[in-house]
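K.L.:
prediction below, plus the sequence it came from.
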Amino acid sequence: MLLYFSTWSEVEQYLQRSRTIVVPIGSNEQHGPTGLLGTDWMCPEIICRHAEQQADILVAPTFNIGMAQHHLGFAGTISLRPSTFIAAIVDWTRSLARHGFEKILFLNGHGGNIASIEAAFSELYAESSFAGRRAGFAMKLTNWWDLEGVNDLAKEMFPTGHGAHATPSEIAVTQYAYAHAIKHADYSPRIAPSGPIREALDFRARFPDGRMGSDPNQATPEKGRALVELAATSLVKELAAFGAEKVPG
């Protein structure tokens, strides 16, 4: 079930049988010469769309702009400041909790979001802690590549040249879902360099074509399909376990 294709009364009915919701969250940023700018929000959205076809789960609208300041040296990247990103997550979560959602899982597609999402969770929990009351809801952050079995499958598919950014696994997922948008390029070197992530000009100088340690030419739609199908099944299990988690007291 997709929240944005539902009416308010249908959401009220869903809340009678479940208090759990998943929010796909990512970023709009460069992914090298062949990676789509939307890769990091598309991947969790694709997986969530497949998962909701398998089970009675509710998928929120995709949070598609994240914390990507280090990619601003490349055209098309859009970033929020960490403070803006945190404030937006806080308001999204408060809105969902206001309606009665008690378990809110953020399925993340961008490593650069992790610190800010966790900081947003801390802000929300701190409100209740300082007030001496229970929050009434719980949040969970899951990166799609950390879903059960997904990392192992990616390592099997891409034993070398997987890297940390513009990876063949994430490119494969978008190729599977959007075959009409597949891009091609000859990479030199085949496997990109690796290094630290700092600010935008430093990133552009270290990684001139936008890749980090990766060889995206290994991606295929068939590999993307296998990753999506496994990730969707694992997400359904993770949501069920999170939803069944008992609140003490």
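P.N.:
Alright, I've got the coordinates. Quick caveat: nothing in here was measured; it's all calculated off a predicted structure.

K.L.:
phi first, then psi, for residue 14.
P.N.:
phi -60, psi -40 (degrees, to the nearest 10).

K.L.:
what residues are up against it?
P.N.:
By C-beta atoms under 8 Å, 6 or more residues apart in numbering, the contact list for residue 14 reads 1, 6, 58. Using the backbone N, CA and C atoms, a C-beta is placed for each residue, glycine as well.

K.L.:
buried set for the longest helix along the chain?
P.N.:
What stands out as the longest helix in the chain, according to DSSP state H, is helix 221-244. If you call a residue buried by 16 or more other C-beta atoms under 10 Å, then helix 221-244 has these buried ones: 223-228, 230-236, 238-239, 242.

K.L.:
and stretch 48-62, by the same measure?
P.N.:
Across stretch 48-62, burial judged by 16+ other C-beta under 10 Å covers 48, 49, 50, 51, 52, 57, 58, 59, 60, 62.

K.L.:
out of those, who's nearest residue 155?
P.N.:
Proximity to residue 155 was ranked across the buried residues of stretch 48-62 by C-beta to C-beta; first place goes to residue 50, at 21.5 Å.

K.L.:
mind checking the SS state of the closest one?
P.N.:
When classified by DSSP: H, G, I helix; E, B strand; the rest coil, residue 50 comes out as helix.

K.L.:
pLDDT at it, what is it?
P.N.:
pLDDT for residue 50: 98.

K.L.:
from residue 43, how far off is it?
P.N.:
Residue 50 sits 11 Å away from residue 43, going by C-beta to C-beta, to the nearest Å.

K.L.:
residue 36 too?
P.N.:
For residue 36, the distance to residue 43 - C-beta to C-beta - is 10 Å.

K.L.:
now the common contact residues for the two.
P.N.:
The contact sets of residue 36 and residue 43 overlap at residue 174 (C-beta under 8 Å, 6+ apart).

K.L.:
all strands for this structure, in order.
P.N.:
Ranges of strands in the chain, per DSSP state E, are 20-25, 103-108, 138-143.

K.L.:
residue 174 is nearest to which of the ones you listed?
P.N.:
Across the strands of the chain, residue 174 has its closest neighbour in strand 20-25 (13.5 Å, C-beta to C-beta).

K.L.:
the closest one - contacts with which helices or strands?
P.N.:
Packing contacts for strand 20-25, counted by 3 or more C-beta pairs under 8 Å, 6 or more residues apart in numbering; DSSP states H and E, involve helix 39-51, helix 82-98, strand 103-108, helix 221-244.

K.L.:
JSON lines please, covering the ones you listed and showing distance to residue 146.
P.N.:
JSON lines is the format used below for the helices and strands packed on strand 20-25 (distance: least, C-beta to C-beta, whole Å):
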{"stretch": "helix 39-51", "distance to residue 146": "12"}
{"stretch": "helix 82-98", "distance to residue 146": "19"}
{"stretch": "strand 103-108", "distance to residue 146": "9"}
{"stretch": "helix 221-244", "distance to residue 146": "9"}
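
K.L.:
for residue 190, give me phi and psi.
P.N.:
Dihedral angles for residue 190 - degrees, to the nearest 10 - are phi -60, psi -50.

K.L.:
test my guess that it contacts residue 214.
P.N.:
No. Residue 190 lies out of contact with residue 214 (C-beta atoms under 8 Å); the separation is 9.8 Å.

K.L.:
overlap in contacts of those two?
P.N.:
residue 161.

K.L.:
compare these two (neighbour count), which wins?
P.N.:
Per other C-beta atoms under 10 Å, whichever of residue 190 and residue 214 has more neighbours is residue 214, with 30 against 12.

K.L.:
report the contact partners of the residue nearest to the more buried one when sequence neighbours are not counted.
P.N.:
Sequence neighbours aside, residue 163 is the residue nearest to residue 214 in space, at 2.9 Å (criterion: C-beta to C-beta, 6 or more residues apart in numbering). Residues in contact with residue 163, defined by C-beta under 8 Å, 6+ apart, are 191, 192, 194, 211, 212, 213, 214, 215.
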